[in-house]
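In: 3D model of this:
(one chain, ligands or ions: 1)
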Amino acid sequence: MTRGRQGDGPVLPGATVGVLGSGQLGRMFAIAARRMGYRVHTFSPDDDTPTGQVADLEIKASYLDLDAVRNFARGVSVVTFEFENVPAGTAEAAAELAQVRPAGSVLHVTQHRLREKTFLRERGFPVAPFAAVRSYDELMTALAQIGTPAILKTAGWGYDGKGQARVENQSSAAAAWRELATDESILEGFIDFAAEASVVAARGVDGSFVAYPLVANHHVRHILDTTHAPAAWPPGLEQSAHEITRGVLEALGVVGVLCVEFFVTRDGQLLVNELAPRPHNSGHFTFDACVTSQFEQQLRSICGLPLGSTELLRPAAMANLLGDVWASGEPDWAAALAMPDVKLHLYGKAVARPGRKMGHLTALANTADEALRRVLAAREALARR
Ligand code: AMP
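Out: Next comes the predicted model:
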């Protein structure tokens, strides 16, 4: 078996790939990797995880246990991650013994909202107006500069709208500051967007680049609810989104997959909201609907292999299954699967808590509108009455 740090040659089937993190993104990556004849090791502080259930080896240790991280890295040919909030020291320790792709420097920028937005703005990528806020006085100055409504967000460790508070006026600013209880945050102008959209893209070791369609995303309570593709965008919008995305992957020197989330403003401008240096929930439809899934693309890119086609084979829509779907007991799987163009993905999580991502459905159809109708009908059918 191929082990240890490799030279610049590709990591070929039969080798072992390592994943830091053990959630559903790692699970779908592991499924893609095993299908292509790779072995998969996963490392996280948990056991019986979504990734561990389908990996060859599940290592349970703290990300701060750097000896355990080194042991993990020693046993694989390349390390990737499925979760960007891995501490920088963890990625550095892994990099002593294996290629880490994308590099720890990409994590460093994208795991911190303030660094990420500053990086984007300094390089001329379009972002919402924002200011750094490290004290209540700075919040007042930022509010005067940015105006209301605005959103105060913690700088680090935020996802799915966690660590965010809306600011309507000076007095709600005080409440937002207390609620966030952080010493580093970012105040962003509230964007009255027409739509939310995203592009998942991959960049190879040789700088090759591929991007999936600019998809339309609908969020409920800050969590992605549905994605559909293709979406009906004004002419030129998808091309602009692809150009921005390519620029971002190049500026960061990404080898791997990265998703750019956008706001589409009412006058048709794109603003980058967030970067995720890994496959993304809005790319889950690619598993069933594209020539190459985002997870296979992650594998190809981190292994130094040629990237696959991103072509959409059929219009598709994805709907997330949050723990809430379990509110009245085990969902009626057979009812959803009675729709022959609906695909079920479950992540193997034992406890269904409200808001927890437990799985998703993808529907295929002749149009994206029809796919969206089907996927919503399938999700509806899951709820037992
Ligand atoms: P985030 O965790 O920053 O991606 O935010 C989660 C969701 O909150 C986004 O997908 C938007 O629906 C909403 N949101 C975040 N920032 C803004 C903003 N500046 N203006 C309007 N909505 C926002």
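In: list the helices and strands the helix or strand harbouring residue 202 packs on?
Out: Using DSSP states H and E, residue 202 sits in strand 195-203. For strand 195-203, the packing partners by 3 or more C-beta pairs under 8 Å, 6 or more residues apart in numbering; DSSP states H and E come out as strand 209-211, strand 215-220, helix 237-252, strand 256-264, helix 294-302. In short, each C-beta sits where N, CA and C put it, glycine included.
In: any part of that strand near the ligand?
Out: Yes: on the criterion C-beta under 6 Å from any ligand atom, strand 195-203 is in touch with the ligand at residue 196.
In: what's the average pLDDT for that strand?
Out: For strand 195-203, mean pLDDT rounds to 98.
In: tell me what angle that strand forms with helix 237-252.
Out: Inter-element angle recorded for strand 195-203 and helix 237-252: 50 degrees (by axes from the mean of the first three to the mean of the last three C-alpha atoms, to 10 degrees).
In: tabulate the CA atom coordinates of strand 195-203 in PDB.
Out: Provided in PDB are the C-alpha atoms of strand 195-203 (Å, rounded to 0.1, in the frame of the first residue of the first chain):
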ATOM      1  CA  ALA A 195     -31.600  35.600  -4.700                       C
ATOM      2  CA  GLU A 196     -28.900  33.500  -3.100                       C
ATOM      3  CA  ALA A 197     -26.700  31.400  -5.400                       C
ATOM      4  CA  SER A 198     -23.500  29.500  -5.300                       C
ATOM      5  CA  VAL A 199     -20.800  27.900  -7.400                       C
ATOM      6  CA  VAL A 200     -18.900  24.800  -6.400                       C
ATOM      7  CA  ALA A 201     -15.600  24.600  -8.200                       C
ATOM      8  CA  ALA A 202     -12.400  22.600  -8.200                       C
ATOM      9  CA  ARG A 203      -8.800  23.400  -9.000                       C
END
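In: what's the spacing between the residue in the stretch 1-150 of the chain that the ligand sits nearest to and residue 87?
Out: Scanning the stretch 1-150 of the chain for the residue nearest the ligand gives residue 128, at 4.7 Å (criterion: C-beta to the nearest ligand atom). Using C-beta to C-beta, to the nearest Å, residue 128 is found at 28 Å from residue 87.
In: residue 263 now?
Out: Using C-beta to C-beta, residue 263 is found at 30 Å from residue 87.
In: who's more crowded, the two?
Out: Remark: of residue 263 and residue 87, residue 263 carries more neighbours, 20 against 17, as counted by other C-beta atoms under 10 Å.
In: with adjacent residues omitted, what lies nearest to the more buried one?
Out: Leaving aside its sequence neighbours, residue 263 sits nearest to residue 193 (C-beta to C-beta, 6 or more residues apart in numbering; 4.0 Å).
In: so the one you found sits against residue 269, correct?
Out: No: Residue 193 lies out of contact with residue 269 (C-beta atoms under 8 Å); the separation is 9.7 Å.
In: up against the ligand, what does the chain have?
Out: By C-beta under 6 Å from any ligand atom, the residues of the chain that approach the ligand are 128, 151, 158, 161, 188, 190-191, 196, 219, 222, 273-274.
In: the bottom helix or strand of this protein by mean pLDDT?
Out: Ranked by mean pLDDT, DSSP states H and E, the weakest helix or strand in the chain is helix 170-180, scoring a mean of 85.
In: residues making contact with that one?
Out: By C-beta atoms under 8 Å, 6 or more residues apart in numbering, the residues outside helix 170-180 that reach it are 136, 139-140, 143, 152-154, 163, 165-167.
In: repeat for stretch 106-121
Out: Stretch 106-121 has contacts (C-beta under 8 Å, 6+ apart) with 81, 84-86, 88, 91, 127, 130, 132, 153-158, 184-186, 188, 248, 251-254, 256, 258, 272, 274-277.
In: just the buried ones from those residues, in ChimeraX syntax?
Out: Entered in ChimeraX, the line below selects the buried ones among those, by 16 or more other C-beta atoms under 10 Å:
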select :81,84,86,91,127,130,153,154,155,158,185,186,188,248,252,254,256,258,272,274,275,276,277
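In: just the contacts of stretch 106-121: which are in helices?
Out: Counting by DSSP state H, the contacts of stretch 106-121 place 88, 91, 248, 251-252 in helices.
In: pLDDT for the residues you listed - can I get that in a markdown table?
Out: Shown next, in a markdown table, are the ones in helices among the contacts of stretch 106-121 (pLDDT from 0 to 100):
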| residue | pLDDT |
| --- | --- |
| 88 | 86 |
| 91 | 95 |
| 248 | 98 |
| 251 | 98 |
| 252 | 98 |
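In: between those residues, which is nearest residue 69?
Out: If you rank the ones in helices among the contacts of stretch 106-121 by distance to residue 69 using C-beta to C-beta, residue 91 comes first, at 8.8 Å.
In: residues in contact with the closest one?
Out: Residue 91 makes contacts with 20, 81, 100, 103-104, 107, as judged by C-beta under 8 Å, 6+ apart.
In: ok, back up a step: out of the contacts of stretch 106-121, which sit inside strands?
Out: Applying DSSP state E to the contacts of stretch 106-121, the entries found in strands are 81, 130, 132, 153-154, 185-186, 188, 256, 258, 272, 274-276.
In: tell me the one of these nearest residue 350?
Out: residue 81 (23.2 Å).
In: what is the burial count for the nearest residue to the closest one once chain neighbours are set aside?
Out: Computed as C-beta to C-beta, 6+ apart, the closest residue to residue 81 that is not its neighbour in sequence is residue 20, at 4.0 Å. Counted with other C-beta under 10 Å, the neighbours of residue 20 add up to 26.
In: show me the beta-bridge partners of residue 20.
Out: Residue 20 has the following beta-bridge partners by DSSP bridges: residue 43, residue 81.
In: so it sits against residue 87, correct?
Out: No: Residue 20 is beyond contact range of residue 87, at 10.0 Å (criterion: C-beta under 8 Å).
In: and for the two, which residues touch both?
Out: In terms of C-beta under 8 Å, 6+ apart, residue 20 and residue 87 are both contacted by the residues residue 63.
In: hang on, the earlier thing: mind checking how far the residue of the stretch 1-150 of the chain closest to the ligand is from residue 166?
Out: In terms of C-beta to C-beta, residue 128 sits 14 Å off from residue 166.
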